[in-house]
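S.K.: turn this into a model:
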Amino acid sequence: MNLQEMIKPTVRNMPPSGIRKYFDLLNEMKDAISLGVGEPDFVTPWAIREAGIYSLEKGHTHYSSNPGFIELRRQISRYVAKKYNVEYDPKTEIIVTVGASEAIDIALRALGGPGDEVIIPEPSFVAYKGCTMFTGATPVVIELKEEDEFRLKPEQLEEALTERTKVVILPYPNNPTGAVMRADDQRKIVDVLKDRDVIIISDEIYAELTYSGKHVSFASYPEIKDKTILINGFSKAFAMTGWRIGYACGPHVLIEAMNKIHQYAIMCSPTMAQYAASEALNSCEDEVQAMVREYNRRRRVMVKGFRDAGLSCFEPMGAFYVFPSIKSTGMTSDEFCEKLLMEEKVLTVPGTAFGACGEGYIRATYANSYENIAEAMRRIKRFVSRHRK
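M.R.: Residues are numbered from 1 along each chain as shown. Below you'll find the model as predicted:
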């Protein structure tokens, strides 16, 4: 029996993540600096860790209800109302998931299938396209441009929409570019979508990491709230990546459908993580703001560092990534990243890992110490100077 032939073609033919090989190389190196992992370098705040430990000491090691503890859902409801001015019924319109990634996956599985189209602005998070294809739906890519500050333009969206469009993904603040959507840009996108029979997945996992003004949720627009799934989580803002805890908010009918998949595939999110998440929402606003201030400091250093190295660098206003252009070096994104790692022991990620239109760019994260970032920028400047055309 040929086991390869037994695997579903969509899975068999799916290429591995474009990031993977660089981490394999990194593991073989000493003294390398990684600007590749999209993970806070901060340790989860103590109050959150203590809540998780206490839940274990109290013997809270059993399943929760499928959509999560009701008290956590109530806290999420209050948090979203306070932060983004959006009201959700904690009993029927919120589900706690295994990270925001599971929320994305089950939302797409609940909605998409053969014959459907899912609009994905790129460059963007690698999971959108893969999860779409696993459902049998067709990803329709909109290529975002640096001259537009990587914002989705209403005319681009209009052109991409067809009768087969089922879902539009709105990934802001954006990974990998750090782009955000201004209020006037959002208003135009809302006007395009408000009368369309499409579902909007608004991935707002980086909402708290916004450095100019206040994040505005797409779900806060009344015209589209009843067809928007708001996805968020605790990994980025609260430095809780390993806890694997996220959530989705949306219309009851959609959340109920997502919960069906969740209950069969997952059962519930980790109990300890739910207690920890509850504490995060209850008492850790000061710690989050302290992390945001430090990210902002690092952000400025990294943008300046790439520009001082002679590379064009769009200024990100959200998340914790920069997405500089390396076109002036004459190298492809993959060549640049591989040579930089081999010659200077600095790990970055090719822009093509986030879509074909990422060619000519790299992603670097400032979720690393100030000292490591400063040293990495010195190495990158030396590297670019040596390879400048």
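S.K.: distance check, the residue nearest to residue 181 when sequence neighbours are not counted against residue 216.
M.R.: Counting by CB to CB, 6 or more residues apart in numbering, residue 172 is the residue found nearest to residue 181 once chain neighbours are left out, at 4.7 Å. C-betas here are computed from N, CA, C, even on glycine. For residue 172, the distance to residue 216 equals 9 Å [CB to CB, to the nearest Å].
S.K.: ok, now residue 88?
M.R.: 17 Å.
S.K.: repeat that for residue 273.
M.R.: Per CB to CB, residue 273 is found 28 Å from residue 216.
S.K.: look at these two and report which has more neighbours.
M.R.: Higher neighbour count among residue 273 and residue 216: residue 273, with 26 against 20, using other CB atoms under 10 Å.
S.K.: which helices and strands does the helix or strand hosting the more buried one pack with?
M.R.: Applying DSSP states H and E as the criterion places residue 273 in helix 271-283. Judged by 3 or more CB pairs under 8 Å, 6 or more residues apart in numbering; DSSP states H and E, helix 271-283 is in contact with helix 46-57, helix 70-84.
S.K.: just the ones you listed: most buried one?
M.R.: helix 70-84 (a mean of 18; mean count of other CB atoms under 10 Å).
S.K.: identify the contacts common to residue 172 and residue 216.
M.R.: residue 181 (CB atoms under 8 Å, 6 or more residues apart in numbering).
S.K.: and the longest helix along the chain, which residues are buried?
M.R.: Ranked by number of residues, the top helix in the chain under DSSP state H is helix 285-308. Within helix 285-308, the residues scored as buried using 16 or more other CB atoms under 10 Å are 287-288, 291-292, 294-296, 298-299, 302-303, 305-306.
S.K.: one more: stretch 312-323?
M.R.: For stretch 312-323, by 16+ other CB under 10 Å, it's 313, 314, 316, 317, 318, 319, 320, 321, 322, 323.
S.K.: A helix includes residue 230, no?
M.R.: No: applying DSSP: H, G, I helix; E, B strand; the rest coil, one finds residue 230 to be strand, outside a helix.
S.K.: for the stretch 151-300 of the chain, what spans make up the strands?
M.R.: Using DSSP state E, counting those that start in this stretch, the strands found in the stretch 151-300 of the chain span residues 165-170, 199-203, 228-233, 246-249.
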